[in-house]
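Visitor: Got a predicted model here, sequence first, then my questions.
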Amino acid sequence: MATMRPMATITILCALVLISSIGAFSVSADDFSPKLLKISADPSIMYEFRGQTLDIPVTVEGTPAGLVFSIFTKECSKGVRDVRNGYLGWHYMNRVDTCLYYSELISVQPGEAVISWDGCDQDGVPVRWGTYTYYIWAYDNQSPRKTVTEQLPAQYDYARQSSIIEVDKQGLPLATPVICQYVNNSKDRIDYLYHWMIGGDPEDSSRLSTSTLSLEDGWRMNGNPLEVPGEENSYYIRVSNAEEKQGSLQKIRFIDSGVAEIEEDWGEKSPYGYIFPAAENEVSAIASDGEYIYTTSRGEPDVSEPDANFYIYDMDGYFVEGIDISDWWCSAEDYGRGGQMNGGPEMLFCRNGLLFLNSHASCLNQMLAPQRYLDSGDPKDLIVWANGNGDYTLDKNGEATAEKKWVCNDNGVGPYKLSISADAKLFSAVNSWDVGKTSFGLFAPDGTGLGYFDYYNNTASAKYATLFIDSGTAYDGLYSVSLYINSHAQYTRPPNTVLGYVAHDSIKGVIWDTAHCYSVTVGLVSPAGGEIYQPGSQIEIIWEYYNYQDYNFGCNPYTLTLEYSTDSGGSWERIAAGVDRFAKSYTWTVPEIESEQCLLRVMSGSDYHQMDVTEEPFTISSDVAVTEAVPNIHSLSQNSPNPFNPVTTIEYSLAREAQTTLTVYSVTGEKVATLADGLMSAGKHSAVFDGSNLASGMYFYRLEADGMVKSGKMMLLK
């Protein structure tokens, strides 16, 4: 069941007397081959928004399920800037579509089911007519967890020391995902790395690979191993030096049954990346989106100075950016009330280029958009949402009997959050240790707390991880970690963890209004007029859309109609109808005709009262060369060659005419060249950079156009 906004006192467990949770798992000698959960529903649903009940047929396949249905705004994120609301201001949102309604958990069996919505938001107020996104998030809440393996060794803070590899270097799902775990032995000061190949016999020890790691004196691995894209058995690791109070990254190669090799020529301070100040007892993690590596640092919890930072590295270990995030993770008020000044962050997880952060010692959970920040340079663009105390999902000190009422940074009370992970739809789950028998807390894609949820037949035992695989593999689902724990007063660490599996799926669709027509003002980007196309060639029709206008007759605001004319608008031929307006482009095969008087128009809805037509005619002719298609967004390509000596070419494309600058900077931020500065036409451009007078090293290039900022990195080797 799901516990929605619990008000009762939460039972606190003693960390030294824990209960075995093995009864919550299915016990079988068969190979681990899970039955996947699949949810399906109509992706485009019509609804009149007149207060009637909307019934949505849902098909459930594979396993039973608990469903959560939610309604979100659509294409409204630009209007959400620095919004904080809710009790105690628990919810912060920035440029993200927002949740208007979510249901309690609906338990269903395989087959056909119906989800009903009364058209109201979470407060019971009717939702205004319009277009909305709906989500159905689901997991199997009615079957025992399947045992994946019991071969991984026990680790107190298991989750933040582990990661799952689920895709290959092309982003395709792996046939056999791998879970990677780091364990340190404080007695002999040796670090261990473990690989478990998911699938096969849970008791087959040959699926477990082990490598020891011997670091330089004073340095220890600190956080999960992170696979290097495209390099099998190569990892980035987060390291720290307690005596020197420093943190950094290193690159290693996993050697099965041997000692892992450290890449001595990697990093800005080889064999280390950029080295930053770190607390003596710091715990942190590492994540990557394939373009950059991310990590954090925090100050000692019980000091009076705020200290929390977010660091961005390139994939070669060079420093890109450091951002002070102490306003989020540090609290003088909590410190003064018996909590800690510095609460985190400690755990990181990346999905779809977005980062999820939390900490066992803080109530705060966050989603970050680092690429959005790098593009704009505005620190406010880094945070997408933040969830703190106030909504009772993974809150600290929210109970009526709490000694430190609503203190967020408190290491002495649960929930002790040792993981954070997100599925492909950006629902994020966090283990909820010390919140009775609940298994995990769940956040919506905008950070709305959806409550606490239980695995089938769960107990009030330690929860060490809640991790998703959701890339289209045969093993997609929700993975959890429990321990074989004895209940003796003298606590000793058990020999093994239990990695368990629960089926999971999530889908989304659109609900749009049939009682009103709120047409979209659409604007053609390409063709714009003057282009020349060959008959039979394929081009991209590109458009933008703007404000909504209210009309009281039926139409479909979700779709567009595209037409063309070969006689300056005297007659029109249909290209396509029912085109998704959110796609912003459509591939058109140019007809086999010859004309210099061609026009194209795009119309919203079915009544044609809102349309845009090419301003000037374009030509279709087999006698001339084809005009290159104009891109639908500004883009910046990787320089070539790279590395280079001493000349390289940087290519970029503009969707429309724009005031443009292209500049080159050193790693210290010094501008070393301006390659373009002025009004540039739409289409492809290139610039040559000559580094003859510069020293070898890393350089950054930056494209600015129409308020958009994109950057890249390049290596000069002489």
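Guide: Sure thing, it's come through.
Visitor: Just the CA coordinates for stretch 54-73, please, in PDB.
Guide: In PDB, the C-alpha atoms belonging to stretch 54-73 read as follows (Å, rounded to 0.1, in the frame of the first residue of the first chain):
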ATOM      1  CA  LEU A  54     -13.000  10.700 -17.300                       C
ATOM      2  CA  ASP A  55     -12.600   6.900 -17.400                       C
ATOM      3  CA  ILE A  56      -9.300   5.800 -19.000                       C
ATOM      4  CA  PRO A  57      -9.000   2.100 -20.000                       C
ATOM      5  CA  VAL A  58      -5.600   0.700 -19.000                       C
ATOM      6  CA  THR A  59      -4.100  -2.600 -20.100                       C
ATOM      7  CA  VAL A  60      -1.800  -4.400 -17.500                       C
ATOM      8  CA  GLU A  61       0.500  -7.200 -18.700                       C
ATOM      9  CA  GLY A  62       3.000  -9.400 -17.000                       C
ATOM     10  CA  THR A  63       2.400  -8.900 -13.300                       C
ATOM     11  CA  PRO A  64      -0.100  -7.300 -10.900                       C
ATOM     12  CA  ALA A  65       0.500  -3.700 -10.300                       C
ATOM     13  CA  GLY A  66      -0.100  -0.700  -8.100                       C
ATOM     14  CA  LEU A  67      -0.700   2.400 -10.300                       C
ATOM     15  CA  VAL A  68      -0.300   6.100  -9.600                       C
ATOM     16  CA  PHE A  69      -2.200   8.400 -12.000                       C
ATOM     17  CA  SER A  70      -1.100  12.000 -12.300                       C
ATOM     18  CA  ILE A  71      -1.900  15.100 -14.400                       C
ATOM     19  CA  PHE A  72       0.700  17.700 -15.400                       C
ATOM     20  CA  THR A  73       0.700  21.000 -17.300                       C
END
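Visitor: Return the helix or strand in the protein with minimum mean pLDDT.
Guide: strand 2-3 (a mean of 40; mean pLDDT, DSSP states H and E).
Visitor: Name the residues of stretch 214-228 that come out as buried.
Guide: 215, 219, 220, 221, 222, 223, 224, 225, 226, 227, 228 (16 or more other CB atoms under 10 Å). For the C-beta atoms, the positions are set from N, CA and C on the backbone; glycine is no exception.
Visitor: what about the closest residue to residue 426 other than its chain neighbours, neighbour count?
Guide: Excluding the flanking residues, the one nearest residue 426 by CB to CB, 6 or more residues apart in numbering is residue 445, at 4.0 Å. Look at residue 445: counted by other CB atoms under 10 Å, it has 26 neighbours.
Visitor: so where do the helices sit in this protein?
Guide: Here the chain has its helices, by DSSP state H, at 326-329, 332-336, 370-376.
Visitor: Including distance to residue 531, mean neighbour count and mean pLDDT, could those go into CSV?
Guide: What follows is the helices of the chain, written out as CSV (distance: least, CB to CB, whole Å; neighbours: other CB atoms under 10 Å; pLDDT from 0 to 100):
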stretch, distance to residue 531, mean neighbour count, mean pLDDT
helix 326-329, 49, 19, 96
helix 332-336, 61, 16, 96
helix 370-376, 29, 19, 92
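Visitor: Same list, these, but as a markdown table with distance to residue 601 please.
Guide: As requested, those are exported to a markdown table (distance: least, CB to CB, whole Å):
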| stretch | distance to residue 601 |
| --- | --- |
| helix 326-329 | 48 |
| helix 332-336 | 59 |
| helix 370-376 | 33 |
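Visitor: Between the ones you listed, which one is closest to residue 704.
Guide: helix 370-376 (9.7 Å; CB to CB).
Visitor: Could you list the low-pLDDT ranges of the stretch 351-500 of the chain?
Guide: For the stretch 351-500 of the chain, the stretches flagged by pLDDT under 70 are 483-496.
Visitor: can you rerun that using 80?
Guide: Scanning the stretch 351-500 of the chain for pLDDT under 80 picks out 459-464, 481-497.
Visitor: next one: the stretch 601-718 of the chain
Guide: Scanning the stretch 601-718 of the chain for pLDDT under 80 picks out the ranges 604-611, 623-635, 655-656, 666-670, 696-698, 706-713, 717-718.
Visitor: residue ranges of the strands in it, please?
Guide: Along the stretch 601-718 of the chain, counting by DSSP state E, counting those that start in this stretch, strands occupy 610-613, 618-620, 635-636, 647-654, 658-666, 671-680, 683-690, 697-705, 708-716.
Visitor: now the fifth one and strand 671-680, what's the angle there?
Guide: Okay, so that is strand 658-666. 170 degrees (axes from the mean of the first three to the mean of the last three CA atoms, to 10 degrees).
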